[in-house]
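# sequence and predicted model, in that order:
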Amino acid sequence: MSKSSKSDMYDPLGDNFRRREFPFYWVAQVNALYTQEMERVLKKIDMDLPRWRILLILNEHQPLSVSEIAQHAVAKLPTITKILYRMQDQGLVELTTSASDGRVTLVTLTEKGYGNLNEVRDSVSSIFKRSFKGFSNSQIHRTNALLEKLFNNLRSLRD
C-alpha cells in the first residue's frame, strides 16, 4: 500500500488524484476558452490567432528570423514559414535575406502590419480586461511568473 501525501491529488498516479486539482486541467480549460473567444473576436476583423501572435512578436522584436519567430510562438518552423509568406502577400510583413547570412530570412512589420496590429489590439483588449477582472497587478505578475516557471520546466524536458 502506497503512502498518500497532500500533493497526491495533483499527480495522475496518486491515490487521491482529482481531475479538478490537476494544474494542467486548468491550463487546458483556460487555453481552450481563450482560444475560442479570441477566434470569435478576431474573425470579425479578418484576423486569426497565428497572425495575431506573429504581429505581437514582431512589435516587440524586429527584425527577427523566421526560426526566431517560430521559437517565440512555440510553433513549428514550416507552419510559421507558410503563415509568414501569406502575411507577406497580404502586405503585413516584409521578408528579406540577411546581409550577414544568406540562409536566414528576416521579417519586419510593414505600415499595414502596424495598422492591423493596432486594430487587433483594440478588439482584443476587452478579452484581457474581462479575463483578469478582480486581479491586482501583483496577482497578474505572479500568474505570469508561475506560468513562466512551468513553461521553463516543460521546455527543460526536451534537453
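That came through fine.
# all strands for the chain, in order.
Using DSSP state E, the strands of the chain run over residues 64-65, 93-97, 105-109.
# among the ones you listed, which is the most enclosed?
Most buried of the strands of the chain by mean neighbour count (mean count of other C-beta atoms under 10 Å) is strand 105-109; its value is a mean of 19. For the C-beta atoms, the positions are set from N, CA and C on the backbone; glycine is no exception.
# tell me the mean pLDDT over it?
Strand 105-109 carries an average pLDDT of 97.
# ok so, going back, with distance to residue 10 added, can I get the strands of the chain in CSV?
Putting the strands of the chain into CSV (distance: least, C-beta to C-beta, whole Å) gives the following:
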stretch, distance to residue 10
strand 64-65, 37
strand 93-97, 42
strand 105-109, 40
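# and the end-to-end length of stretch 99-112?
By C-alpha to C-alpha, to the nearest Å, the extent of stretch 99-112 from end to end equals 24 Å.
# scratch that, stretch 65-84
From start residue to end residue, stretch 65-84 stretches across 11 Å - C-alpha to C-alpha.
# residues of that stretch that come out buried?
Within stretch 65-84, the residues that qualify as buried are 66, 68, 69, 70, 72, 73, 80, 81, 83, 84, counting by 16 or more other C-beta atoms under 10 Å.
# which residues does the spatially most central residue of the chain contact?
With distances taken as C-alpha atoms, centre = their mean, residue 73 lies nearest the centre of the chain, 5.7 Å away. Taking C-beta atoms under 8 Å, 6 or more residues apart in numbering, we find residue 73 in contact with 50, 53, 54, 57, 80.
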